[in-house]
Structure formats: structure tokens, C-alpha cells
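Participant: sharing a sequence plus its predicted fold:
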Amino acid sequence: MAKIKKTNKPETMIPTASMSDIAFLLLLFFMVSTVFVREKGLPVSMPRAASIEKIPRTHSSTIYVNRNGIISIDDFIVSIPDVKWVMQKKLSEDFNLLACFRTDRETNYGIMSDILNQLREANALRVYFEAKLKR
């Protein structure tokens with residue numbers, strides 16, 4: 001009888017030599033293709049305050065008012081009557097919404113009063129006024 005020699009099965013391996021290259025290429029791709037949105041707002045000169053409390057930015061909508069009376073809510077310019085509708089829409093999306101005012105030091109208080117009335121009509125009653133720390 002003939003002797004049959006046993007042959008070893010070839011081992012299956014996954015080559016990992018270029019795995020780090022692929023990981024760094026993916027990391028580089030995501031770093032280059034990611035876009036960070038930064039709020040522009042309107043240029044305002046903030047008033048000074050003796051003490052400040054940090055506002056959580058997760059549930060806030062910033063209302064910018066510059067010295068010329070231009071109103072911007074989260075980088076969209078609106079008129080005074082539109083403030084109510086914009087804030088009602090934002091409140092329907094997030095019930096815990098905070099309305100944060102960033103107004104110029106020279107802003108006419110009549111405009112701010114009109115905006116506050118629009119916020120009251122929209123039932124956005126959690127309003128904060130932002131300021132810089134007095135030094």
C-alpha cells in the first residue's frame with residue numbers, strides 16, 4: 001500500500017500591515033471634510049456687568065440687536081413682527097428654549113421692549129440678557 005502524506009492546510013491570515021495607514025487616511029479625510037458652523041451674529045458692543053452666570057448653550061436661541069436696530073435670531077435677520085413666529089417655531093422644536101439677548105450698549109430700549117412683547121406673545125418667557133464681566 002502506498003503511504004499518503006498528510007499536508008498541512010495553509011493558515012488564513014488577514015494582513016494588518018497597512019491597517020494603520022488606512023486608519024490615518026480615514027482620520028485625515030474626516031478632519032478635512034468636517035465643517036464647523038460658527039455663529040456670526042451681528043457686531044455688538046456688550047454692556048458690562050458686576051457678575052455673570054453661565055448659560056447652557058444646548059437649549060438657547062440668541063437674539064442679536066445692533067445699535068441700528070437690526071435684529072438677528074441665530075444668524076437670520078428678522079423684523080420685529082417676525083420675532084413672534086420665529087420663536088414659536090423654535091419653541092415647538094425645543095420646549096426648554098432660552099431666549100438670550102445680545103444687544104449693543106447703544107441700542108434703543110424701545111426696540112428691545114417691542115422684542116420682549118413679541119417674545120411674551122410667543123410664550124417664550126425664559127429670557128436672559130448677556131453682558132461682559134466688568135473688570
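Facilitator: Done, it's in.
Participant: hey, what's the closest residue to Pro56 other than its chain neighbours bridged with?
Facilitator: Distance criterion Cβ to Cβ, 6 or more residues apart in numbering; nearest residue to Pro56, sequence neighbours excluded, is Leu98 at 7.7 Å. Heads up, the C-betas are built off the backbone N, CA and C, glycines and all. The partner list for Leu98 in beta bridges (DSSP bridges) reads Ser60.
Participant: I'd guessed Leu98 sits against Leu125; true?
Facilitator: No - applying Cβ atoms under 8 Å as the test, Leu98 and Leu125 come out as separate, 10.2 Å apart.
Participant: ok, the closest residue to Thr103 other than its chain neighbours to Ile77 distance?
Facilitator: Spatial nearest neighbour of Thr103, excluding adjacent residues (Cβ to Cβ, 6+ apart): Val65 at 4.4 Å. Separation of Val65 from Ile77 (Cβ to Cβ, to the nearest Å) stands at 11 Å.
Participant: of the two, who's got more company?
Facilitator: For Val65 and Ile77, the more surrounded residue by other Cβ atoms under 10 Å is Val65, and the numbers stand at 21 against 11.
Participant: what's near enough to touch the more buried one?
Facilitator: Counting by Cβ atoms under 8 Å, 6 or more residues apart in numbering, Val65 touches 42, 44, 71-72, 101-104, 107, 111-112, 115.
Participant: all strands of this protein, in order?
Facilitator: 48-49, 60-65, 71-73, 76-78, 98-103, 127-129, 132-133 (DSSP state E).
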